[in-house]
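Got a sequence here, can you model it:
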Amino acid sequence: MKKTEQKYQAFVQILKEELIPAMGCTEPISLAYGASIARKVLNHLPTKIVVEASGSIIKNVKSVIVPHTHHLKGIKAAVCAGIIGGNDDKYLEVLSQIDEKTKKEIDQYIEKVDFEEHFLDSSKVFDYIITVWNKKDYVKVRISDSHMHVVCIEKNGQILQEEKSVVKKEKADRSLLDIKDIYDFITTVELTDIQDILERQIDYNYAIACAGLKDNYGANIGKVLLKSFGNDVKNKAKAYAAAGSDARMNGCELPVVINSGSGNQGMTCSLPVIIYAQELKVSKEKMFRALALSNLVAIHEKSGIGTLSAYCGAVSAATGAGAGIAYLYDEDYQAVIHTIVNTLANVSGIVCDGAKASCAAKIASSVDAAILGYHMYKNGQEFKSGDGLVMENVEATIQSVGRLGREGMRETNKEIIKMMIHE
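The predicted structure is shown next:
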């Protein structure tokens, strides 16, 4: 790919748009972000709050701990934290400046505020409305499609803003992504164009993985892996990715750099590559190129699936990691595409039943499948066209998996949400 081509700038921009920091699981953090905006516009402390949220948001907020809330979970905790201690200027790090005094204020506010939450019957999988009142004044904020895409702000019947996005309205075109051009891009890209965002991903995600291995979070999947199966590079890659999720799903107050709107996906497509790069003692340049490959493969796959789905995003992220690991071993394009296909043929059936502690185990399973997919290729083995969702080439296979996640699992997602709401 030549630097002058349209795709080069688009791919750089995609990485800049996607690889951004977030503190906490991104769905509750998005709610905190929207609530912080509502409080600012109302200009008073709300005495009543009503939250209407699509099922996929309810699913992903229900079971994760909101940072800086004394380990509280759920929509009410996220929204109240955003109202009392949120700073929307920090975007998905909206809760990062909360101190101990503010935590106590959040606890007190949760106890006294009039709060309602309802299912929002929406055609969009990512959609919520937060309405706040103080006496007769009210403000309504609606965020749809992605975590910071504010589509409407209304105050006392007056539309103040119909659309406000913290990213450019004309986002880089994800449809330009394909595996061949991604591979060409990562082998030729000027590292100065992408190095800063990748260094931040390394620093943030490695730090939270270390925290997950050091302290007690969730089911401690990362610790279990290392204790049970040793410290070889394959197991360590799984353990660090899982440990990052252990920490993040269970209240760790460190930020991560996300991918495709998800911190778990951001950690899954980066930490295994970082661990393999350390083990193989490759240059920083090699690691950066492998990370760019992993991130762009994950984004490419997730673009076809959609923001939220019943399809576990760890799978697409781990597929990217497998591609990145193959690159670290000096493999060519053929190794990369066969690793991708072998991984997708294996674990594309993992369902997303919300963000929670077990995400770490699903991440470990997905990374294991990606590493297996690479070693299958090294041993002359592959899943072939006609084997289930495997199609005639890598792009057709990615499209088939995207269709599965986007269309085929729509009813599955509805049933999972029903079970979680009415358990």
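
how far away is residue 43 from residue 156?
12 Å (CB to CB, to the nearest Å). C-beta: built from backbone N, CA, C; applies to glycine.

same question, residue 306
Applying CB to CB, the value for residue 306 to residue 156 is 35 Å.

higher neighbour count, those two?
residue 306 (19 against 11; other CB atoms under 10 Å).

Touching, that one and residue 406? I think so.
Yes: taking CB atoms under 8 Å as the definition, residue 306 is a contact partner of residue 406 at 5.0 Å.

Kindly report the domain assignment for the chain.
Domain assignment for the chain by the TED database gives 24-162, 177-422.

So which of those is nearest residue 5?
domain 177-422 (8.8 Å; CB to CB).

Give me the phi and psi for residue 307.
Per-residue torsions, residue 307: phi -60, psi -50 (degrees, to the nearest 10).

who's in contact with it?
Shown in contact with residue 307 (CB atoms under 8 Å, 6 or more residues apart in numbering): 125-126, 145-146, 260-261.

List buried members of the residues you listed by neighbour count.
125-126, 146, 260-261 (16 or more other CB atoms under 10 Å).

quick one: the helices in the stretch 51-200 of the chain?
Taking DSSP state H, counting those that start in this stretch, the helices of the stretch 51-200 of the chain run over residues 55-61, 75-85, 100-112, 179-188, 195-214.

Please work out which of the domains of the chain is packed deepest.
domain 177-422 (a mean of 22; mean count of other CB atoms under 10 Å).

Point me to the residue sitting closest to the centre of this protein.
Centre of the chain computed as the mean C-alpha position; nearest residue by CA atoms, centre = their mean is residue 262, 0.8 Å away.

I'd say that residue and residue 313 touch.
Yes: using CB under 8 Å, residue 262 is in contact with residue 313, at 5.3 Å.

hmm, back to that, between the contacts of residue 307, which is closest to residue 253?
Of all the contacts of residue 307, residue 253 sits closest to residue 261, with 20.2 Å by CB to CB.

the helices in the stretch 301-423 of the chain, which residues?
Using DSSP H, counting those that start in this stretch, the helices of the stretch 301-423 of the chain run over residues 313-328, 333-347, 359-378, 394-403, 410-421.

Can I get the ones you listed in TSV including distance to residue 198?
Shown next, in TSV, are the helices of the stretch 301-423 of the chain (distance: least, CB to CB, whole Å):
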stretch	distance to residue 198
helix 313-328	11
helix 333-347	18
helix 359-378	19
helix 394-403	23
helix 410-421	32
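
Can I get stretch 16-25 in CSV, CA atoms only?
The C-alpha trace of stretch 16-25 is given here as CSV (Å, rounded to 0.1, in the frame of the first residue of the first chain):
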residue,chain,number,x,y,z
LYS,A,16,-6.9,6.9,16.2
GLU,A,17,-10.7,6.7,16.4
GLU,A,18,-10.9,3.2,17.9
LEU,A,19,-7.9,3.0,20.3
ILE,A,20,-9.0,5.5,22.9
PRO,A,21,-8.8,5.2,26.8
ALA,A,22,-11.7,4.2,29.0
MET,A,23,-12.0,3.5,32.7
GLY,A,24,-14.5,0.8,33.5
CYS,A,25,-16.7,-1.3,31.3
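
got a list of contacts for it?
For stretch 16-25, using CB under 8 Å, 6+ apart, the contacting residues are 29, 32, 60-61, 64, 66-67, 91-96, 167-168, 171-172, 197-198, 200-201, 204, 248-249, 253-261, 263, 266, 295, 299, 355.

Equivalent analysis for stretch 382-397, please.
With contacts defined as CB under 8 Å, 6+ apart, stretch 382-397 is touched by 178-179, 337-338, 340-342, 344-346, 348, 376, 399-401, 404.

and if we set it to 6 Å?
178-179, 337-338, 340-342, 344-345, 400-401 (CB atoms under 6 Å, 6 or more residues apart in numbering).

tell me how far the ends of that stretch are from each other?
Stretch 382-397 has an end-to-end distance of 13 Å (CA to CA, to the nearest Å).

now it: how far from the chain's centre is it?
Offset of stretch 382-397 from its chain centre (CA atoms, centre = their mean, to the nearest Å): 26 Å.

next one: stretch 179-190
That offset, for stretch 179-190, works out to 23 Å (CA atoms, centre = their mean).

just to revisit the earlier point, rebuild the domains of the chain as JSON lines, extending it with distance to residue 11 and mean pLDDT.
Output for those, formatted as JSON lines (distance: least, CB to CB, whole Å; pLDDT from 0 to 100):
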{"stretch": "domain 24-162", "distance to residue 11": "19", "mean pLDDT": "95"}
{"stretch": "domain 177-422", "distance to residue 11": "5", "mean pLDDT": "96"}
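
Going by residue numbers, what spans are strands in the stretch 101-250 of the chain?
Using DSSP state E, counting those that start in this stretch, the strands of the stretch 101-250 of the chain run over 114-119, 127-134, 137-144, 149-155, 158-161, 164-165.

so which of the ones you listed comes closest to residue 234?
Distance to residue 234, taken as CB to CB, is lowest for strand 149-155 among these, at 38.4 Å.

Who are the packing partners of the closest one?
The helices and strands touching strand 149-155, judged by 3 or more CB pairs under 6 Å, 6 or more residues apart in numbering; DSSP states H and E, are strand 137-144.
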